[in-house]
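S.K.: this one's structure only:
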């Protein structure tokens with residue numbers, strides 16, 4: 001034997017830790033914890049150290065805090081919560097002053113939060129946009145790659161290798177090598193031999209037996225496909241699971257895990273509302289629900305809803321007698337539950353046993369003589385008014401403080417005098433009921449109603465309804481000034497009683513008065529309460545304008561008119577308030593009211609040319625041409641050098657056929673207010689009245705001497721030469737204009753189109769290239785470059801330009817629309833418009849493009865909705881209205897076409913690729929909005 005010890009007897013190696021190799025570390029044993037006896041505490045250590053130091057004659061050590069406590073060291077109580085006043089004011093009473101202080105602090109907090117709300121929302125919106133820009137979605141990142149997949153050929157697809165799983169390849173190969181194979185049983189061989197044979201043996205039932213191969217061919221020629229049956233079963237199961245998942249996520253508090261899910265809160269309602277036809281009742285569900293409800297009743301027999309649910313279940317199952325027995329037991333077990341009694345009464349009444357229902361009502365009232373619901377149910381069981389009154393009088397003997405019973409008793413009275421007597425008695429017994437006071441005031445004469453309302457104000461001083469009723473009473477008797485006085489006194493009284501409503505609630509009350517035909521009371525409420533809770537620091541003007549718009553949207557025009565009137569009194573010299581009020585009168589008021597309002601507006605804002613021109617236009621549209629001239633004359637006196645007023649006067653004279661007066665006014669305007677716009681209007685006017693004359697060319701040359709940077713004058717000069725077929729002179733005018741005004745996109749476009757018309761495509765491309773350098777990332781220039789290429793039948797170059805355009809202008813609806821209509825196949829238009837709308841949201845050109853695509857697919861309802869969306873999004877874009885009108889000419893009604901034309905005339909669109917070209921053509925100078933709309937619709941393709 002060797003002298004070496006066995007393994008377990010050898011000493012452990014150095015730094016050996018038991019269990020470290022297999023990860024079994026972290027154990028705690030008794031040796032780690034130490035002895036069970038607790039060591040010395042901190043105080044004992046301090047005491048021992050102090051005794052040791054005293055024996056040695058040294059000062060006590062301070063390592064363990066032994067030492068003298070500093071005098072300036074504060075008590076631990078200073079770290080307590082300063083807001084916690086429980087200890088200091090635990091015995092104090094919460095009185096009215098405390099309540100007022102709490103409301104004041106709350107109002108201050110709400111106001112501070114409201115002031116910061118706009119900035120906070122703007123900051124959060126900016127942060128969200130920045131985050132979305134820095135962290136785009138996966139779909140946005142790979143959109144260009146997905147588009148590139150459309151160019152992959154079938155051979156490329158086929159050559160893409162399949163993705164294989166190489167994880168553990170060697171291990172699986174070894175497992176496959178070790179795989180065992182077994183001999184095939186004889187039954188498998190026999191089955192393979194019999195494949196394809198048909199069985200012809202006839203059974204007793206008359207059906208052929210199954211074929212040996214297990215097929216299910218029947219004698220009648222039909223075939224049972226078990227795979228399809230299994231798939232159908234799976235689909236049905238999936239539908240049921242989806243329905244169950246939706247019901248679970250719909251917010252119902254259901255108890256799942258059993259075969260039947262029951263909503264404890266809505267079970268009674270579902271039983272009451274559900275009614276299945278004969279033959280559709282699921283007996284299994286009813287049995288399970290019956291067992292469940294029986295367990296509920298046995299466990300808690302004093303629980304009324306359980307008895308009600310059980311009775312409704314039996315009624316639902318068609319067992320009326322069983323339902324009555326269940327609810328009878330419920331009334332015995334829960335005699336104080338009025339819901340159980342009401343269910344018992346209703347069950348008997350629903351099944352024609354009115355006599356039994358009365359007996360149950362009498363028993364119910366015996367046990368619950370102060371239940372208002374039971375007394376009213378008992379009254380409804382009676383059919384004779386005398387009996388109903390008798391029941392209610394007994395009820396009032398038991399419950400004289402019930403407002404509901406008094407109201408039912410008053411409603412039964414046919415004689416107004418008897419109703420007044422009842423209400424007088426009711427107000428004596430229940431003086432705090434505002435409903436009863438107001439009902440009594442309605443039945444009295446106006447003089448006596450004032451007395452009743454005065455008594456009501458004394459009884460209920462904090463009721464705003466009584467003050468509003470008093471104001472409406474004064475309006476009813478024709479005392480307009482008293483309405484405002486009553487509301488002023490009422491607001492002061494409510495403020496003293498700390499019963500003021502919020503400003504929004506007062507506006508709601510004003511709208512109620514407006515809807516019920518009390519406009520004076522509505523105005524009085526707005527006048528006294530619109531500024532409640534707002535300080536001068538708040539943006540009161542914008543808040544009030546928003547309130548008025550909200551009232552207009554709800555159809556409460558008198559309320560909005562009162563809000564505007566109050567805002568005008570506060571902001572008398574603000575043009576925006578006057579314009580908003582004028583718009584309300586224009587849409588929902590009378591012409592005289594609009595004239596009066598605008599007349600007052602020009603007095604308050606005499607330097608506002610917009611108000612003057614609106615007043616003149618309204619007079620002119622009403623046929624009052626002389627009044628319009630007088631208004632413009634007054635506007636000249638207040639604004640002697642204003643070009644807008646001069647041009648408005650010129651338009652007035654030109655539209656009325658006074659050509660010489662208009663020309664004289666333009667000449668005077670060029671000398672008095674000689675702006676570039678006046679010169680442009682002068683040239684345009686001369687082109688309209690004398691197309692072949694040199695007066696327009698002379699004027700444009702004079703204007704260019706004064707304003708050489710006016711791009712429109714250069715465009716007009718080139719167009720005049722182009723109309724005369726003097727193309728070299730037009731080229732010179734456009735080239736000079738582009739050098740003088742390099743930022744004018746329209747001037748570059750005209751120069752390029754002229755070169756294209758002359759057949760010099762290379763020069764046209766060069767002009768557009770220089771234009772894109774001067775005005776980078778402009779959608780119109782890129783679109784014109786693409787159009788130039790495909791008009792020249794150079795489709796590869798057009799595709800290249802379009803790719804560059806989308807890189808420079810990825811959110812331009814004009815560029816996307818051009819690509820969809822001219823560079824995409826018809827089948828690719830719909831997915832491309834979807835991608836475009838995701839890239840360039842809220843673009844009217846894209847909305848019109850989507851509508852035209854649906855129009856081409858004969859989806860007329862969708863097309864109409866997209867046209868409407870585009871018109872609402874940008875009503876100033878005239879091409880939208882033209883396409884919509886063209887669509888309605890083919891597929892719309894006469895009423896819808898008239899509605900669209902009226903909306904277009906009201907909005908007066910000025911922009912649009914086709915709209916602007918037709919509108920500014922010299923031959924269309926005298927056309928109105930409706931005529932221009934029809935001309936543009938005819939020219940669209």
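M.R.: Structure received. All of these numbers come straight from a predicted model, not from anything done at the bench.
S.K.: quick one: the strands in the stretch 351-500 of the chain, in order.
M.R.: Here the stretch 351-500 of the chain has no strands by DSSP state E, counting those that start in this stretch.
S.K.: swap in the chain?
M.R.: Remark: no strands are assigned in the chain by DSSP state E.
S.K.: need the phi and psi values for residue 533.
M.R.: phi 80, psi 0 (degrees, to the nearest 10).
S.K.: what about the nearest residue to it once chain neighbours are set aside, distance to residue 525?
M.R.: Leaving aside its chain neighbours, residue 533 sits nearest to residue 503 (5.3 Å; criterion: C-beta to C-beta, 6 or more residues apart in numbering). No exception for glycine: its C-beta is placed from N, CA and C like everyone else's. Separation of residue 503 from residue 525 (C-beta to C-beta, to the nearest Å): 11 Å.
S.K.: before we move on, what about residue 730?
M.R.: Taken as C-beta to C-beta, the span from residue 730 to residue 525 is 67 Å.
S.K.: got it, and residue 569?
M.R.: Taking C-beta to C-beta, one finds residue 569 at 15 Å from residue 525.
S.K.: those two: which has the busier surroundings?
M.R.: Counted by other C-beta atoms under 10 Å, residue 569 and residue 525 do not tie: residue 525 has more neighbours, with 31 against 10.
S.K.: residues in contact with residue 491?
M.R.: For residue 491, the contact set (C-beta atoms under 8 Å, 6 or more residues apart in numbering) comprises 467, 500, 528-529.
S.K.: 7 Å instead, please
M.R.: 528-529 (C-beta atoms under 7 Å, 6 or more residues apart in numbering).
S.K.: can you count the residues close to residue 574?
M.R.: Residues contacting residue 574 under the criterion other C-beta under 10 Å number 16.
S.K.: and the pLDDT at it?
M.R.: Note on residue 574: pLDDT of 89.
S.K.: surely it touches residue 542?
M.R.: No - if you go by C-beta atoms under 7 Å, residue 574 and residue 542 don't touch, sitting 10.8 Å apart.
S.K.: what's the overlap in contacts for those two?
M.R.: Joint contacts of residue 574 and residue 542 (C-beta under 7 Å, 6+ apart) do not exist.
S.K.: tell me which helix or strand in this structure has the weakest average pLDDT.
M.R.: Lowest mean confidence among the helices and strands of the chain (mean pLDDT, DSSP states H and E): helix 267-273, at a mean of 47.
S.K.: do you know how far residue 574 is from residue 540?
M.R.: Distance from residue 574 to residue 540, by C-beta to C-beta: 11 Å.
S.K.: residue 381 too?
M.R.: From residue 381 over to residue 540 (counting by C-beta to C-beta), the distance is 58 Å.
S.K.: what about the two, which has more around it?
M.R.: Between residue 381 and residue 540, counting by other C-beta under 10 Å, residue 381 is the more crowded of the two (19 against 16).
S.K.: pretty sure the more buried one sits against residue 358.
M.R.: Yes - with contact defined as C-beta under 7 Å, residue 381 counts as touching residue 358 (5.3 Å).
S.K.: quick check: mean pLDDT across the biggest helix by length in the chain?
M.R.: Longest helix of the chain, by residue count under DSSP state H: helix 96-134. Taken as a whole, helix 96-134 carries a mean pLDDT of 84.
S.K.: now it: how far from the chain's centre is it?
M.R.: 21 Å (C-alpha atoms, centre = their mean, to the nearest Å).
S.K.: can you list the weak-confidence ranges in the protein?
M.R.: 1-5, 15, 19-40, 57-93, 161-186, 188-283, 537, 691-692 (pLDDT under 70).
S.K.: my read is that residue 389 contacts residue 414, right?
M.R.: No - counting by C-beta under 7 Å, residue 389 sits too far from residue 414 to count as a contact (10.7 Å).
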